[in-house]
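**Student:** Give me a 3D structure for the following:
(one chain, ligands or ions: 1)
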Amino acid sequence: MARDGHKYIFVLGGVMSGVGKGVVTSSIGLLLQQKGYPVNLVKVDPYLNVDAGTMNPTEHGEVFVLRSGLETDQDMGNYERFLGRDLTPDDYMTSGMVYQSVIARERALEYGGKCVEAIPHVRDEILRRIEAAAAYNGSRVSVIEIGGTIGDFQNALFIEAARVLKMEHPNDVLFVMVSYLPTPGTLGEMKTKPTQTAVRDLNSYGVQPDFIIARSKEHVDEKRKEKLAVWCNVRKDRVISAPDITSIYEAPLNFEEDKLGDALLDALNLSEKRRASLSAWRRFVLAAGNEKAPEVAIAIVGKYFDTGDFVLSDAYLSVIEAIKFSAAKLKRRPRITWVNAKDFERGKPAALLGKFDGIIVPGGFGESGIEGKLKAIRFAREKKIPYFGLCYGMQLLVIEYARNVLGLADAHTTEIKKSAEHPVVDLMLEQKKHLADNKYGGTMRLGAYPAYLKKGTLARAAYKKELVEERHRHRYEINPAYVKQLEDAGLVFSGMSPDGILMEIAELPRSAHPFMLGTQFHPELQARPLSPHPLFTEFVRAAALRRRKRK
Ligand code: GLN
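**Tutor:** As a prediction, the model looks like this:
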């Protein structure tokens with residue numbers, strides 16, 4: 001079943017969720033890649049959604065769109081950022097996707113009259129998908145993260161598929177369990193018991209972990225490593241301490257120091273060991289963590305913040321990371337503040353935004369907070385505060401301009417007001433049918449599309465090239481009927497689809513504003529630690545300049 005000589009590392013979570021399986025997976029990927037082994041990283045999401053596109057970001061964090069257009073989980077964003085390359089749709093699967101293929105095959109009579117069952121049919125579809133991902137360009141090692149926690153109902157079939165792979169290829173498959181060692185305040189002592197229990201649970205599936213990544217507040221000491229080794233039946237040198245860190249990007253450096261990469265290669269019988277070349281990565285981590293770098297204050301004006309008492313910055317994860325990468329490149333320390341757009345509707349004055357060096361309105365859907373965002377954009381334009389609009393943030397930039405500069409008081413997007421007198425943002429033609437048929441899943445304009453950049457514009461100067469490719473996720477577009485009018489009033493459409501129909505970037509000339517720019521696409525999805533996104537870099541540069549001038 002498995003590819004010849006290919007190796008598989010399954011990453012599973014014990015004890016509880018949210019302890020950093022994704023970061024472990026990404027770090028293992030980076031380490032092996034930097035040691036000269038091509039890797040591919042796979043995320044398994046056990047939920048029944050066919051993709052992550054139909055989930056509210058407050059449910060599940062940001063929807064990360066691949067180059068292909070597949071709407072995936074935010075972990076895929078981390079994988080791409082760590083590996084520094086695009087992932088493919090084969091690198092992502094959900095239970096919904098797996099079942100959909102099996103059911104489609106059943107409806108097409110492809111099972112030849114058999115009773116179709118979870119085992120073997122669903123399990124084999126999982127294995128087929130793991131193989132398809134492993135076939136990526138010379139990949140030698142697949143690192144596969146199984147979402148959820150050991151003991152969940154939903155991920156059991158995936159663990160079962162992994163068990164079968166291990167049984168058939170005992171020397172080519174490893175299990176890494178990411179666990180958590182709590183230190184209850186009343187005891188003041190780090191406890192190993194929950195991890196022991198999690199291993200026992202995993203054993204009941206017929207799976208034994210080869211490595212334990214022991215996450216905890218502090219370093220795991222030798223005594224506790226010994227305890228875990230004995231009680232969890234894992235070699236002591238394969239119990240790896242992973243204390244809390246301030247930045248996820250430190251993780252691969254720490255793991256390399258603890259020789260995790262070499263230990264994994266040993267366990268996989270891959271003998272050509274090399275040191276991982278991590279110097280560029282280390283430089284980035286140092287620059288990003290430099291507390292002494294001058295600050296630049298960025299406000300993100302959005303709406304997906306409040307889930308109960310928590311502020312859910314996960315909803316805009318890629319945006320935050322993109323700011324960090326560009327700031328590190330410019331040797332600045334970003335201070336990001338969440339501003340709830342609804343507050344401006346409740347009467348908070350937009351002038352409060354004057355204390356920031358730059359303002360971002362990120363992607364979004366629907367009505368809530370929209371008038372607040374428009375107020376923020378107007379303030380940024382009039383007070384010449386660097387502004388960067390991402391997708392919805394670009395559409396709203398155009399609406400604000402139409403309303404307050406062109407004087408089209410009823411300018412709006414038909415997403416919110418179908419009867420708007422001036423629908424400057426309108427549903428794309430092909431979208432009308434999708435919505436009429438209630439076809440919401442996977443039907444937006446998704447994934448990478450090319451755009452041509454106009455000479456002499458901010459965008460062109462930032463990218464330093466004429467043709468770019470960026471990832472999209474939207475149903476609405478700037479209404480072509482208003483383009484001329486907007487341009488006559490001073491707005492510049494500096495990026496366009498090759499056929500000239502879709503406006504991809506809107507900006508004000510530098511003579512009018514230091515940085516007022518919006519993109520119909522999501523540049524944050526292609527920002528990487530070692531290759532920050534040029535538009536984010538120009539935005540942060542403009543913000544840093546404002547900071548300096550204000551002083
Ligand atoms: N709601 C807008 C649209 O569908 C913007 C989408 C977004 O910001 N991703 O076009």
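**Student:** If we ignore the residues flanking it in sequence, what's nearest Ile323?
**Tutor:** Closest residue to Ile323 apart from its sequence neighbours, by Cβ to Cβ, 6 or more residues apart in numbering: Pro334 at 5.1 Å. The way it works is simple: take the backbone N, C-alpha and C, and place the C-beta from them, glycine included.
**Student:** so that neighbour is in which element?
**Tutor:** Per DSSP states H and E, Pro334 falls inside strand 333-340.
**Student:** mean confidence for that strand?
**Tutor:** Per-residue confidence for strand 333-340 averages out to 92 on the pLDDT scale.
**Student:** low-confidence ranges in the protein?
**Tutor:** Applying pLDDT under 70 to the chain flags residues 1-3, 304-312.
**Student:** what's around the residue nearest to Ile323, how many residues?
**Tutor:** For Pro334, the tally of surrounding residues (other Cβ atoms under 10 Å) stands at 23.
**Student:** same deal with Val102?
**Tutor:** Counted with other Cβ under 10 Å, the neighbours of Val102 add up to 21.
**Student:** and if you look at Tyr111?
**Tutor:** Neighbouring residues of Tyr111 were enumerated by other Cβ under 10 Å; the total is 14.
**Student:** how far away is it from Lys549?
**Tutor:** Using Cβ to Cβ, to the nearest Å, Tyr111 is found at 69 Å from Lys549.
**Student:** end-to-end on stretch 337-348?
**Tutor:** The stretch stretch 337-348 measures 16 Å between its terminal residues, going by Cα to Cα, to the nearest Å.
**Student:** quick one: Glu504 is in a strand?
**Tutor:** Yes: checked against DSSP: H, G, I helix; E, B strand; the rest coil, Glu504 lies within a strand.
**Student:** Pretty sure it sits against Pro498.
**Tutor:** No: applying Cβ atoms under 8 Å, one finds Glu504 not in contact with Pro498, separated by 10.1 Å.
**Student:** Give me the common contacts of the two.
**Tutor:** Contact criterion Cβ atoms under 8 Å, 6 or more residues apart in numbering; residues shared by Glu504 and Pro498: Ala451.
**Student:** who's more crowded, these two?
**Tutor:** Counting neighbours by other Cβ under 10 Å for Glu504 and for Pro498 shows that Glu504 has the greater number, 25 against 11.
**Student:** what sits against the more buried one?
**Tutor:** Contacts for Glu504 (Cβ under 8 Å, 6+ apart) come out as 449, 451, 470, 493, 495-497, 519-521.
**Student:** any idea how far it lies from the ligand?
**Tutor:** 13 Å (Cβ to the nearest ligand atom, to the nearest Å).
**Student:** Tyr440 too?
**Tutor:** Using Cβ to the nearest ligand atom, one gets 11 Å for the distance from Tyr440 to the ligand.
**Student:** Which phi and psi values does that residue adopt?
**Tutor:** For Tyr440, the backbone dihedrals (degrees, to the nearest 10) come out as phi -100, psi -40.
**Student:** farthest residue from the center of the chain?
**Tutor:** When each C-alpha in the chain is compared with the mean C-alpha position (Cα atoms, centre = their mean), Gly113 comes out farthest, at 41.9 Å.
**Student:** Next up, identify which helix or strand it is on.
**Tutor:** For Gly113, there is no host helix or strand (DSSP H and E).
**Student:** Tell me who's in contact with it.
**Tutor:** Applying Cβ under 8 Å, 6+ apart, we find Gly113 in contact with no residue.
**Student:** cool, and Pro509?
**Tutor:** Pro509 sits in contact with 457-458, 490, 492, where contact means Cβ under 8 Å, 6+ apart.
**Student:** same thing but at 10 Å, please
**Tutor:** Each residue near Pro509 by Cβ atoms under 10 Å, 6 or more residues apart in numbering is listed here: 456-458, 490-492, 494, 516.
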